[in-house]
Structure formats: structure tokens, C-alpha cells
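Enquirer: Structure for this input, please:
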Amino acid sequence: MSVKTVNTEELRSMSSTEGLVLQGCGGELKEWIDGINGLFKRSGILLEDSEFKEDDCYTFKNGDLTCLLFPFSDDISIDLGKMAMWRLQTHQDLGGTWFSDYVDNRLGGFIKENDSPEEKAKPDCALIGEDGNIFNLMGIASRTLKENGMANEAKEMCERVRSSGSYYEALGVIGEYVNITSSEDMTEDESEGIALQ
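Expert: Numbering: from 1, shown residues only. This next block holds a predicted model:
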């Protein structure tokens, strides 16, 4: 087994995990894990023959940095006070930080497990008064979702619209993802933004 590679969105869904993140881990990841285990055992941070196993750790890229996440689990006995002191003393060199702090400060926070397209804030989308062709409306709604950082929802919506059995069913699907408005309902800034596009 080897270190699991994850992306930042996967990290944001790991709200039940806590651990230590080291930043700027170049070279062989196994060497980093072996080195940290040895150092922590000598320093009395890892207790009772505990150690971080390679296949329990995660690696990810954020910008140009390769990072390692050493997750805490019930199988690992740690002196958290000593680890906290070590983390503070080595932060300048290793960028050590708690996983929860890293996600909050670098990745925009954890994604709630019960998030779904219906529960996320739906963006306003001026469809009233537009050409009523369902594919035209779908295109406008898709563009609105993408502009609001909801590209996955845009893709899902388009797939559902295409497989709809009727015009009104397809319109209902669009309404699950965006708030259908007219251009008069939108604020001046939003209207100007549409006019400029």
C-alpha cells in the first residue's frame, strides 16, 4: 500500500478527520513518513509503539506545495501537548498545522455532508422574457451556475434536463438549481453585468 493522493475538494469533505499537515514535502513521501515516525518516537510524541502507517496518510497539492496529512486515529497514541510544541517550533521550516485549521484557513472550510443542489443557495437567473426554447433556458441557467462556482451542479442540471419527459418537467428541473426571475427583478448591478456580457 502507499500514501493516498486526494484533491482539495476531497479534503474539504473530511470534516470528521483531525491530524497534522506538513507543507513542502518534496522527494519520497515514504521517507517523510519514516522520518516523522522516528522523530516522534524519540521525542516521546508517539506513545506505546504507535506509528503513522503509509497507507493511512494522505498527500495533496496546494499551489506548488506537496503536502502530507498524518491523520489521528484510535490506533495511534499521541502526546498532543508535545506534538503542539513541536509543531510551533518547526512551523517555519515544515509549515506544520492542524488539519482543521488548514482547511478553514487555506481551503475555504469544510463542506457540510448534507449539502445538495436543493440546499445550496440558488443563484438568481433571469429567464422570464427570454426565448422559451428549453435548450436556450438550460444554457442560460448553466452559465449562471458556472459563474457562481457551481460547475458540477450545472453539468448535473443539463443531464437531468436532457432526460426529462416534457417541457414542464425540464423547466421544473431548472427551477431546482436557480431562482427563475425576470431581468426587472434583478438589482441594477446584476442587470448591468448581464448587459455587458
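Enquirer: now residue 122, what's its secondary structure?
Expert: coil (DSSP: H, G, I helix; E, B strand; the rest coil).
Enquirer: in the lengthiest strand in the chain, what counts as buried?
Expert: The longest strand of the chain (DSSP state E) is strand 65-71. Counting neighbours by 16 or more other C-beta atoms under 10 Å, one finds that the buried residues in strand 65-71 are 66-71. All C-beta spots, glycine's among them, are computed from the backbone N, C-alpha and C.
Enquirer: Quick check: next helix or strand after it?
Expert: Per DSSP states H and E, the first helix or strand lying C-terminal to strand 65-71 is strand 77-78.
Enquirer: follow-up on the earlier one: so how far is the longest strand of the chain from its chain's centroid?
Expert: 15 Å (C-alpha atoms, centre = their mean, to the nearest Å).
Enquirer: How about stretch 66-78?
Expert: Using C-alpha atoms, centre = their mean, the offset of stretch 66-78 from its chain centre is 20 Å.
Enquirer: can you check stretch 141-151 too?
Expert: Worked out by C-alpha atoms, centre = their mean, stretch 141-151 lies 17 Å from the chain centre.
Enquirer: Please apply the same query to stretch 17-32.
Expert: 19 Å.
Enquirer: which parts of that stretch are buried?
Expert: 17, 19-23, 25, 29, 32.
Enquirer: before we move on, the earlier item: okay if I get the buried residues of strand 65-71 as a markdown table plus distance to residue 93 and pLDDT?
Expert: Below are those laid out as a markdown table (distance: C-beta to C-beta, whole Å; pLDDT from 0 to 100):
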| residue | distance to residue 93 | pLDDT |
| --- | --- | --- |
| 66 | 15 | 94 |
| 67 | 14 | 95 |
| 68 | 14 | 96 |
| 69 | 18 | 96 |
| 70 | 16 | 96 |
| 71 | 22 | 95 |
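Enquirer: any chance of the residues you listed in CSV, plus distance to residue 77?
Expert: CSV is the format used below for these (distance: C-beta to C-beta, whole Å):
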residue, distance to residue 77
66, 28
67, 24
68, 20
69, 19
70, 14
71, 14
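Enquirer: Closest one of the residues you listed to residue 146?
Expert: residue 67 (28.2 Å; C-beta to C-beta).
Enquirer: Tell me the predicted confidence for residue 62.
Expert: Looking at residue 62, its pLDDT reads 86.
Enquirer: what's the neighbour count on it?
Expert: Residue 62 has 15 neighbours, counted by other C-beta atoms under 10 Å.
Enquirer: Now do the contacts for it.
Expert: 8, 23, 106-107 (C-beta atoms under 8 Å, 6 or more residues apart in numbering).
Enquirer: So which of these are in helices?
Expert: Residues of the contacts of residue 62 located in helices (DSSP state H): 8, 106.
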